[in-house]
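Novice: whatever this is, show me its structure:
(chains A, B, C and D)
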Protein chains: 2
Amino acid sequence: MTKQTAKTTKRSLDVIDTIQTLGGATLDELTGELEIARSTVHLHLQTLLEEGYLTKEGAVYHIGLRFLNHGEYARSRKKAYTLAKQTVTDLSDRIDEEVEFVVENDNRGILVHESFHPDSHFPTKERHISTTPSSAGIYYYLHSVATGKAILAEFPDEHLEAVLDDWGLPEQTAHTITDQDEFFRELEEIRDRGIAFADEEYVDGLREVGRRVIGPDGSVLGAIAIIGPKYRFTNERYTSELPEILREYVNDLETEISDSYLDDYR
Amino acid sequence: MTKQTAKTTKRSLDVIDTIQTLGGATLDELTGELEIARSTVHLHLQTLLEEGYLTKEGAVYHIGLRFLNHGEYARSRKKAYTLAKQTVTDLSDRIDEEVEFVVENDNRGILVHESFHPDSHFPTKERHISTTPSSAGIYYYLHSVATGKAILAEFPDEHLEAVLDDWGLPEQTAHTITDQDEFFRELEEIRDRGIAFADEEYVDGLREVGRRVIGPDGSVLGAIAIIGPKYRFTNERYTSELPEILREYVNDLETEISDSYLDDYR
DNA sequence: TATAATGGTTCGGTTATCTCGAACTATTAA
DNA sequence: TTAATAGTTCGAGATAACCGAACCATTATA
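Specialist: Sure thing, here's the model as predicted:
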């Protein structure tokens, strides 16, 4: 049969998502958006409010900080993620470029750790580093970013199929791969090379070099990518230097992860 | 009448909380813990799994990274929080001690931003700074920490009452204030002084100096505290120097916040 | 000042669905 | 081989989710 799901819970989660995409919303705005009875929306809002999953400012409902509790827990839960964080900062320091660690979730990619490379967003003012809000937690379509492609290249066929069913290959820029056959060939190449490139496939002007991170049990933990402006990612630096350094750092990370994994059994 | 709430949603949220407190759990473990039918637990797990709010490793269910998406959103949503982050790091650099920014949520305090002061946990090795998992997102009982007390001192009576009804004054250490009358007198003093102290009331050996942050509309946005070992928080440094510096930084932050608030109307 | 608009809340009746327990399979451990 | 654990589906009964309408309170508008 078709999979059983708790519809009331789904509706509550819908309310949460809607509030986030609207950037805060009132009772009536939500009623309009969700197309359900006002009293029903009210019921869900009350429930989520009471638990701290929402907060209210005047008449506007917003995402509550309780999510931060679970979110940070999820991020700190795996030792491997924390080790990856260190790799991200180390690697970023070494090459002086932005670095990200991305994990699959809900058949998309979620940004778990990022370096705060001053140059990348604010060329000069150092003060802005900490004022720039973190973009951790944002979702990527896997096919359009280097981390995502590196992850997909390791997925078994049925999982890959599920990803395509759920999200397809939406066009993000003129360079995004939107043809399925072409995408399969691309994944083939990535598997051979051990490195995924994304050349302005996610955002115009940005090039990315990514590599998947494999856990001690052989499963894909996530992926790390180096990201920077096209004009700094050219020739050998783009095609071989950065890939080589990335490979080195990811390999080291993988041994650290399996070492720490072994520690738990001693 | 008594407040209406969606019980199915509450149950799903219960499942989430239980999984987090157990640090991951199997279907049968959850069934035992929650004391509901196994098929019911299964239904909730399926629903949350499908949306990315849970992930599964073998037979063990864990908190999913989707929470990070909402959590980081909630943290970045208010400009004031991002400005507070900057104050936290600046202040920590200035005095060389741990600093925190805490916001009320669900009648408790939630840690939103913290400095990563090397000394505080790992006296020497610098490498550990980034390997130490962030403790952002953790909940405090408001009465036992300096930030919480500073916040409570600004609450209207009925809100304060709600806090006591929900959580009481649980003892955390031998120095925690657990008597209501005594606690009211303490809040009185904090209001007069503009500074809240917590002297080993949360953890043995730790002293804290806190001050609430007021928003442009007069409401309490949260609080900032300086935290450190008792042996470094003594005499005038504890009773007047650190309070003065804290007052200065919080006042500056408050003007920055109202400036940025005014910017939105220009 | 009257009037409209918006938000918050409660109510009861109908219906959807949540919940339970049992049953069955698959996988792994003893 | 047996026991233990996990995953899954089923139908029946009980519950509570959902709706629409109504009401009050507050704020904006005429």
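
Novice: helix, strand or coil for A:T55?
Specialist: Applying DSSP: H, G, I helix; E, B strand; the rest coil to A:T55 yields a three-state assignment of strand.

Novice: kindly list the longest helix within chain A.
Specialist: Longest helix of chain A, by residue count under DSSP state H: helix A:242-263.

Novice: just checking, what packs against that one?
Specialist: Here helix A:242-263 is seen to pack against helix A:79-95, strand A:206-214, strand A:220-229 when contacts are counted using 3 or more C-beta pairs under 8 Å, 6 or more residues apart in numbering or on different chains; DSSP states H and E. Yep, even glycine has a C-beta here, placed from its N, CA and C like the rest.

Novice: at 10 Å instead, please
Specialist: Applying 3 or more C-beta pairs under 10 Å, 6 or more residues apart in numbering or on different chains; DSSP states H and E, one finds that helix A:242-263 contacts helix A:79-95, strand A:98-105, helix A:146-152, strand A:196-199, strand A:206-214, strand A:220-229, helix A:235-236.

Novice: centre of the chain to the third one, how far?
Specialist: Computed by C-alpha atoms, centre = their mean, to the nearest Å, the separation of helix A:146-152 from the middle of its chain amounts to 11 Å.

Novice: can I get it in PDB, CA atoms only?
Specialist: Taking Å, rounded to 0.1, in the frame of the first residue of the first chain, the C-alpha atoms of helix A:146-152 are listed here in PDB:
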ATOM      1  CA  ALA A 146      29.900  20.100  -6.500                       C
ATOM      2  CA  THR A 147      29.200  18.600  -3.100                       C
ATOM      3  CA  GLY A 148      25.900  17.300  -4.200                       C
ATOM      4  CA  LYS A 149      27.300  15.800  -7.400                       C
ATOM      5  CA  ALA A 150      30.100  14.100  -5.500                       C
ATOM      6  CA  ILE A 151      27.500  12.600  -3.100                       C
ATOM      7  CA  LEU A 152      25.100  11.500  -5.900                       C
END
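
Novice: thinking again about what came up before, just name the most buried of the helices and strands packed on helix A:242-263.
Specialist: Of all these, helix A:146-152 carries the top mean neighbour count, a mean of 28, counting by mean count of other C-beta atoms under 10 Å in any protein chain shown.

Novice: touching chain B at all, that one?
Specialist: No: Helix A:146-152 stays clear of chain B (C-beta under 10 Å from any C-beta of the partner chain), getting no nearer than 13.4 Å.

Novice: how about the residues of the stretch 51-200 of chain A near DNA strand C?
Specialist: The stretch 51-200 of chain A comes close to DNA strand C at residues A:56, A:59, as judged by C-beta under 7 Å from any atom of the strand.

Novice: could you rerun that using 10 Å?
Specialist: By the rule C-beta under 10 Å from any atom of the strand, the part of the stretch 51-200 of chain A lying against DNA strand C is A:56-61.

Novice: buried only: go through those for me.
Specialist: Taking 16 or more other C-beta atoms under 10 Å in any protein chain shown as the criterion, what is buried in those is A:Y61.

Novice: any chance of JSON lines for the residues of the stretch 51-200 of chain A next to DNA strand C, columns distance to B:T239?
Specialist: Converted to JSON lines, these look like this (distance: C-beta to C-beta, whole Å):
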{"residue": "A:K56", "distance to B:T239": "38"}
{"residue": "A:E57", "distance to B:T239": "36"}
{"residue": "A:G58", "distance to B:T239": "39"}
{"residue": "A:A59", "distance to B:T239": "43"}
{"residue": "A:V60", "distance to B:T239": "41"}
{"residue": "A:Y61", "distance to B:T239": "42"}
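
Novice: how about the spatially most central residue of chain A: what's its closest non-neighbour residue?
Specialist: Central residue of chain A (C-alpha atoms, centre = their mean): A:I110, 1.9 Å from the mean position. Using C-beta to C-beta, 6 or more residues apart in numbering or on different chains and skipping residues adjacent in sequence, the residue nearest A:I110 is B:L65, 4.8 Å away.
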